[in-house]
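In: any chance you could fold what I've pasted below:
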Amino acid sequence: MKNTEIAVLDEKESKLVQLLENFGLSASAACIIICLAVRADSTIREIGASTRLSTAMVSITLKKLGEEGIVMRGETGKSQKRAPVRFYLTGDFDHILSIIEEKKQREVSRYIRKTTRVKRQFMSLFGPQPSDL
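Out: Next up, the predicted model:
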C-alpha cells in the first residue's frame, strides 16, 4: 500500500464548509465538496482522512452527491481492477453552486405550492378572515 500524506481541511476551508452548511447542505456533504474542490480527485479513504468522516459516511454521502450530479466516480480500466475508485466534482465550484441553487429553488417552489394549497383549504373551510378583508 502506498503511503501518502493527506492534509486535513484547514481553517479557511472549514469556513467554506460552514457557508455550505448555512446554505442547507449536510455537514458531511459540505466537507466532501470542499475536499474535492481543493484536492481535485480523491479516494474514499483520502476523503475520510481529510474530512475526519468515517469511510461509511463518506461512501453514503458520495452516493447522494452522485445522484444530485455533484460528484462523479472515476473510471478504472480493466488493468486497474483493484485500484481504488477516485471521485471528483462534476465541474468547477460555480457549476456545483448552480446545482445546489437549482435544488433549493425546487424545494422552495414545492413549499410555496404546499402553503398555497393549505391557504385555499383554510379559506374553503373558514372563509375570509377579518385581516383578509
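In: now do the residue nearest to Lys104 when sequence neighbours are not counted against Val58, distance only.
Out: Excluding its sequence neighbours, the residue lying closest to Lys104 (CB to CB, 6 or more residues apart in numbering) is Gly24, at 6.2 Å. Any C-beta I mention is one placed from the backbone N, CA and C, and that applies to glycine too. Look at Gly24 and Val58: by CB to CB, to the nearest Å, they are 20 Å apart.
In: that older thread, run a quick neighbour tally on the residue nearest to Lys104.
Out: Neighbours of Gly24 under the rule other CB atoms under 10 Å: 12.
In: same check, this time on Gln18
Out: Under the neighbour criterion other CB under 10 Å, Gln18 is assigned a count of 12.
In: what helix or strand is the nearest residue to Ser26 once chain neighbours are set aside on?
Out: Nearest residue to Ser26, sequence neighbours excluded (CB to CB, 6+ apart): Thr61, at 7.2 Å. In this assignment (DSSP states H and E), Thr61 forms part of helix 55-67.
In: how far is that helix from where the chain is centred?
Out: 9 Å (CA atoms, centre = their mean, to the nearest Å).
In: list the contacts of it.
Out: Applying CB atoms under 8 Å, 6 or more residues apart in numbering, the contact partners of helix 55-67 are 26, 28-29, 32-33, 44-45, 47-48, 51, 53, 71-73, 87.
In: top of those residues by neighbour count?
Out: Top of those by neighbour count (other CB under 10 Å): Ile32, with 30 neighbours.
In: residues contacting it?
Out: Neighbour list for Ile32: Ile47, Thr51, Leu53, Val58, Thr61, Leu62, Leu65, Val71 [criterion: CB under 8 Å, 6+ apart].
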